Each structure stands twice: as structure tokens, then as C-alpha cells.
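need a structure here:
(one chain, ligands or ions: 2)
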Amino acid sequence: MENRAWSGIWVISVFLLALFSVSAFAAEEGEKVLTLDHSNFSDTVSKHNFIVVEFYAPWCGHCQALAPEYEKAASILGSHDPPIVLAKFDANDEANRELASEFEIQGFPTMKILKNGGKNIQEYKGPREADGIVDYLKKQVGPPSAEIKSVEDAGKLGDEKKIYVVGVFQKFSGNEYENFMTLAEKLRSDYDFSHTLDTNLLPRGESVNKPTLRLLKPFDELFVDFHDFQVDAMEKFIEEATIPFVTIFNSDPSNHPYVNKFFGSANTKPIYKDVAVLYKKKSISFLLGDLEASEGAFQYFGLTVDQAPLLIIQTTDGQKYLKANIEPDQIVPWLKDYTDGQVKPFIRSEPIPEVNNEPVKVVVTDSLQDMVFNSGKNVMLEFYAPWCGHCKQLAPILEEVAISFENDTDVMIAKLDATTNDVPVDTFDVQGYPTLYFRSILLRMNYDEGLLECSPWELRRA
Ligand SMILES: *[C@@H]1O[C@H](CO)[C@@H](O)[C@H](O)[C@H]1NC(C)=O
Ligand SMILES: *[C@@H]1O[C@H](CO)[C@@H](O)[C@H](O)[C@H]1NC(C)=O
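Numbering: from 1, shown residues only. Ligands and ions are numbered 1, 2, ... in the order given. Predicted coordinates for the structure are as follows:
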């Protein structure tokens with residue numbers, strides 16, 4: 001019995017070794033991406049004005065997918081002026097971990113742009129295929145803000161989905177202008193910055209007669225002006241002005257009586273909007289919709305009609321907070337509790353199944369701890385979606401593997417329906433279906449307490 005568990009793990013380890021040797025081979029082919037480690041990281045970074053570092057782990061599937069694209073981008077950018085250097089750093093290597101932790105690497109791959117010999121650090125927020133990487137980086141190395149000189153230049157700021165920040169100045173010098181450029185440098189990976197001397201070229205609305213920061217956005221008031229040119233003040237302004245007040249899915253009245261009572265009443269909507277404007281200062285964004293139009297959102301959040309009317313908050317780190325069957329006069333108190341940290345996050349889980357005797361075990365969010373982390377077993381866990389074709393193809397293979405381990409008490413093959421269960425984002429990175437994780441009690445692989453992300457074809461070999 002013991003042997004079987006061992007052999008399964010052994011096959012996976014052998015497979016990983018094979019991957020390592022493939023990348024070792026590529027290195028001999030004259031890689032354009034620099035390899036850094038703890039011994040030469042600081043030295044190399046200090047010599048470059050603009051260097052991108054990919055923090056990766058050899059076992060991470062997304063890193064393997066990125067590698068050829070990154071290499072291709074490096075060879076295209078090899079002759080760029082000014083130089084753009086691409087490097088990689090194995091954050092999984094024992095000797096490199098301390099350095100990686102200084103960069104607060106949360107997942108793999110993480111790419112950072114290090115400028116001025118490493119004095120400025122920015123998150124890379126661009127695409128992950130070669131051409132996209134090249135375009136994004138070329139823009140990052142150029143001037144942080146583009147001058148608007150003509151009507152054509154101004155017309156380019158018309159993209160319906162983007163946010164633009166425009167600085168209008170009487171001269172391209174002085175405190176206001178310098179601060180604006182500092183801010184543009186800081187936030188350039190998030191927004192498009194431009195500047196101009198000609199107030200007539202200022203998009204959307206009347207011209208201004210003093211230095212102005214105008215934020216153009218495709219929602220709410222469409223543009224907002226700001227006149228305080230302190231860097232911190234501008235940053236805070238941009239952060240707040242870019243969050244929509246209320247996202248209304250559809251203002252058509254719904255037939256649902258409760259919803260009509262709540263959202264349809266002339267009293268509630270204004271309250272809701274007032275509250276939204278008030279709490280916007282605390283960076284909460286609001287969603288308002290009738291049931292019919294919100295069907296998708298209900299599915300997404302795993303809510304049911306009988307919970308309406310309801311308020312739901314989703315934070316940028318993926319936590320959700322729910323108040324079901326809310327009355328208008330409960331909105332403000334509940335939000336206060338929320339901002340005071342008194343509301344517990346809402347975590348969606350299917351009920352733990354009473355019978356679970358198929359070869360592939362059913363795991364739900366509420367049973368993750370018991371079945372996966374505290375079971376003392378080696379667990380292969382599939383995150384799937386019922387509609388996903390690749391998951392359906394994988395199902396018989398998974399079952400076959402499960403049957404071959406059926407007498408082995410050390411091994412469990414399991415699946416979790418990720419469309420009806422919240423996946424803890426701090427532990428698992430599920431970007432698509434199926435995603436497989438292998439939790440090993442033997443291979444205590446560093447970062448994730450023995451969690452390995454693996455791809456379906458690795459499983460086939462196993
Ligand atoms: C840094 O050191 C590693 C290990 O010795 C080596 O493989 C790599 O090429 C070095 N990188 C640079 C840029 O010197
Ligand atoms: C598991 O044990 C049962 C009963 O001893 C046996 O019939 C079955 O073939 C075993 N399965 C495997 C995969 O060894």
C-alpha cells in the first residue's frame with residue numbers, strides 16, 4: 001500500500017526533473033533573458049536604468065507558459081534604445097528566498113520593473129505574450145506623460161474604456177509641472193498621462209484658466225478637475241475619482257415584488273446613491289440592480305432570489321460581505337459595522353455531501369480544511385466547472401487514477417466545483433478550468449506547505 005503512494009509521487013518528481021532539464025537546455029541556446037540569483041541580483045540591478053525581473057518558480061505552470069514569450073520579448077527588445085533588459089529570478093530556490101521576500105512576492109510569476117538602478121520599483125501590469133510585453137515596456141521606458149500638441153493628439157484620448165489624466169499648464173516648469181511628472185512616473189503603469197499648454201485642446205468641456213489636473217473617465221461625470229498639485233493629494237484624488245458611484249445593471253423595473261419595493265421605491269434609490277457617495281470616500285463601490293438584470297451577478301456570487309433585497313460588497317482582495325433581506329434603514333448601520341470590521345466575510349460553499357463514496361471524492365469549501373489540509377493524505381484536487389469541456393475529458397482519467405489508488409489510505413483524488421464554491425485565493429490560484437493541485441505530505445515543497453500546481457498532462461503521466 002505504502003509503495004503505491006510513493007510511486008505516484010515519485011513519477012511526479014521525475015517529471016519535474018525533466019522540466020528542469022528542458023530549461024537547462026534552453027540556457028545553452030543563448031538566452032536573452034538574464035538569469036539572476038542572490039549573489040548577483042543587486043549588482044546587476046544597480047547597473048541598469050530599466051530592468052524587468054520575473055520572479056518565478058520552476059514548478060509553476062503560468063511561469064512555464066510565460067517563459068518562451070518572455071524570451072521572445074527579450075530578443076525583440078535586445079536592440080531597443082534606451083535599453084530594456086529582461087531578467088528572471090528563481091524565487092523558489094532556497095538561497096534566493098530571503099531576497100524574494102523583500103519584494104513581497106505573493107504568487108508566481110510576479111514581474112517588477114526596476115528603474116534607476118533599482119531605486120524605483122513598479123509592478124508590471126501588462127500582458128503576458130511577447131508583442132504585448134514589448135509594447136507595454138516601450139511605453140514604460142519613454143516619457144511618463146505625452147504632450148498634447150494638436151487636435152489629433154487630443155482625439156486619441158477618446159478610448160471609451162480607459163482613464164486618462166491630463167495636466168494643463170501655463171508653462172512646462174515650476175512646482176505644479178514637476179509634481180505632475182513625479183506622479184505620472186509613479187502611476188504610469190495604471191493610467192495614461194498627458195499634458196498640454198493649450199486649454200482649447202483640453203477634452204470634454206470648458207477650458208480652464210489655471211493649472212488643472214483633469215481626469216477623464218468613461219462613467220459618472222465623465223471628467224473631474226482638480227487643482228491641488230501636491231503629489232499625495234493628486235494620487236488620492238485619482239484613486240477615489242476612478243471608482244464608479246453605483247453600477248446600475250439595468251434600471252428597468254423588475255416584476256419581483258420585494259425588489260420593486262426596495263429598489264423601485266422613490267425613497268430608496270436616492271438613499272442608496274447618497275450612501276454610495278458617502279462611502280466612496282472609504283473606497284467601497286456599490287452595485288445596484290434588479291433581479292432579472294442581475295441574474296449573472298446572482299450566479300457569480302452564489303446568491304438566491306429569496307435573499308433579495310440584499311447588499312453585497314466585494315473587496316479588491318476577493319473577500320465578499322453580504323447582508324441579505326435588508327431594509328432601507330439598515331443600510332447605514334450595516335455599512336458602519338462593515339467599516340468597523342464587525343461583519344464577517346461571506347464565503348460560499350455547497351453543503352458538505354452526506355454520501356461521498358465515488359472514487360473521486362467531492363470537496364466543498366467548507367470541507368477543504370478537513371479533507372485536504374488536515375487529512376494527512378496526499379491529495380490531488382481538481383478545480384472544475386460543470387460546463388468546461390476539458391474538465392469533462394479529464395473526468396474519466398481522474399476516475400481511473402482514483403480507482404488505481406482506491407486501496408491506498410494515503411492518497412485521495414478529489415474535485416471541487418469552483419463555480420459553486422469560493423476558492424480561497426490566498427492558497428490557490430485558479431485562473432482557468434481544470435486547475436489541479438497536488439498536496440503532498442512528503443514533498444513539503446516550501447511556499448505552499450506542500451502544494452503543487454500541476455497540469456492535466458502531468459497527471460496523465462502520474
Ligand atoms: C548570476 O549567477 C548565476 C549563478 O552563478 C549565473 O547563472 C548567472 O548567469 C549570473 N547572472 C549574471 C547576470 O551575472
Ligand atoms: C482493492 O481491494 C479490493 C479488495 O481486496 C480488490 O478487489 C481490488 O482489486 C483492489 N483494488 C486495486 C486497485 O488494487
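
isn't residue 384 right up against residue 398?
No - the criterion here is C-beta atoms under 8 Å, and residue 384 misses it with residue 398 at 9.2 Å. Where C-beta positions appear, they are placed from N, C-alpha and C, glycine not excepted.

mutual contacts of the two, please.
Contact criterion C-beta atoms under 8 Å, 6 or more residues apart in numbering; residues bridging residue 384 and residue 398 by contacting each: residue 415.

would you map out the domains in this protein?
21-125, 361-461 (automatic domain parsing).

distance check, the closest residue to ligand 2 within the chain against residue 359.
The chain approaches ligand 2 most closely through residue 407 (3.8 Å), counting by C-beta to the nearest ligand atom. Distance, residue 407 to residue 359, by C-beta to C-beta, to the nearest Å: 11 Å.

SS state for the closest residue in space to residue 54 that isn't next to it in sequence?
The shortest distance from residue 54 to any non-neighbouring residue, by C-beta to C-beta, 6 or more residues apart in numbering, is to residue 88 (4.5 Å). Under DSSP: H, G, I helix; E, B strand; the rest coil, the three-state class of residue 88 is strand.

returning to that earlier point: got CSV for the domains of the chain, with distance to residue 175 and mean neighbour count too?
Compiled in CSV, the domains of the chain are given as follows (distance: least, C-beta to C-beta, whole Å; neighbours: other C-beta atoms under 10 Å):
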stretch, distance to residue 175, mean neighbour count
domain 21-125, 21, 16
domain 361-461, 42, 17
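
can you flag the weakest of the ones you listed by average pLDDT?
Note on these: lowest mean pLDDT is at domain 361-461, with a mean of 80.

could you tell me how far that domain lies from the centre of the chain?
Counting by C-alpha atoms, centre = their mean, to the nearest Å, domain 361-461 is centred 22 Å from the centre of its parent chain.

kindly report the same for stretch 138-156.
27 Å.

quick one: residue 313 and residue 338 touch, right?
Yes - judged on C-beta under 8 Å, residue 313 makes contact with residue 338 at a distance of 6.4 Å.

compare neighbour counts for the two and give me the winner.
Taking other C-beta atoms under 10 Å, residue 313 and residue 338 do not tie; residue 313 has more neighbours (21 against 18).

buried ones in the helix or strand hosting residue 183?
Under the criterion of DSSP states H and E, residue 183 resides in helix 174-187. Across helix 174-187, burial judged by 16 or more other C-beta atoms under 10 Å covers 176, 177, 179, 180, 181, 183, 184, 187.

ok, stretch 304-315 next?
307, 308, 309, 310, 311, 312, 313, 314.

show the average pLDDT along it.
On average, stretch 304-315 scores 74.

any idea how far apart the tips of that stretch sit?
21 Å (C-alpha to C-alpha, to the nearest Å).

helix, strand or coil for the closest residue to residue 145 other than its chain neighbours?
Spatial nearest neighbour of residue 145, excluding adjacent residues (C-beta to C-beta, 6+ apart): residue 193 at 3.8 Å. Following three-state DSSP, we place residue 193 in the strand state.

residue contacts, residue 193?
Residue 193 touches 144, 145, 146, 164, 165, 166, 167, 180, 183, 184, 187, counting by C-beta under 8 Å, 6+ apart.

how about the residues you listed in a markdown table, adding pLDDT?
A markdown table is the format used below for these (pLDDT from 0 to 100):
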| residue | pLDDT |
| --- | --- |
| 144 | 91 |
| 145 | 93 |
| 146 | 91 |
| 164 | 88 |
| 165 | 92 |
| 166 | 93 |
| 167 | 94 |
| 180 | 96 |
| 183 | 95 |
| 184 | 94 |
| 187 | 88 |
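
returning to that earlier point: who does the residue nearest to residue 145 bridge with?
When bridges are called by DSSP bridges, residue 193 pairs up with residue 145, residue 165.

any idea how far it is from residue 242?
13 Å.

ok, which of the domains of the chain comes nearest ligand 1?
domain 21-125 (3.8 Å).

which bits of the stretch 351-462 of the chain sit near ligand 2?
With C-beta under 6 Å from any ligand atom as the criterion, the stretch 351-462 of the chain meets ligand 2 at residues 404, 406, 407.

inside strands: which ones of those residues?
Judged by DSSP state E, strands contain none of these.

tabulate those in TSV, adding columns for distance to ligand 1.
As requested, these are exported to TSV (distance: C-beta to the nearest ligand atom, whole Å):
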residue	distance to ligand 1
404	41
406	46
407	46
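
show me where the stretch 1-150 of the chain has its strands.
Along the stretch 1-150 of the chain, counting by DSSP state E, counting those that start in this stretch, strands occupy 34-36, 50-56, 85-90, 110-115, 120-123, 145-147.

can I get those strands in JSON lines with distance to ligand 2?
Formatted as JSON lines, those follow (distance: least, C-beta to the nearest ligand atom, whole Å):
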{"stretch": "strand 34-36", "distance to ligand 2": "44"}
{"stretch": "strand 50-56", "distance to ligand 2": "38"}
{"stretch": "strand 85-90", "distance to ligand 2": "38"}
{"stretch": "strand 110-115", "distance to ligand 2": "42"}
{"stretch": "strand 120-123", "distance to ligand 2": "48"}
{"stretch": "strand 145-147", "distance to ligand 2": "66"}
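
any chance of CSV for these, columns distance to residue 331?
Below are the strands of the stretch 1-150 of the chain laid out as CSV (distance: least, C-beta to C-beta, whole Å):
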stretch, distance to residue 331
strand 34-36, 52
strand 50-56, 43
strand 85-90, 48
strand 110-115, 38
strand 120-123, 35
strand 145-147, 41
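
of these, which approaches residue 342 most closely?
Closest to residue 342 of those is strand 120-123 (C-beta to C-beta; 32.0 Å).

contacts for that closest one?
103, 110, 111, 112, 113, 114, 115, 140, 185, 188, 189.

pull up the pairing partners for that strand, direction included.
strand 110-115 (antiparallel).

ok, residue 341 to residue 154 distance?
45 Å.

for those two, indicate the residue with more neighbours.
Comparing residue 341 with residue 154 by neighbour count (other C-beta under 10 Å), the higher total belongs to residue 154, at 19 against 7.
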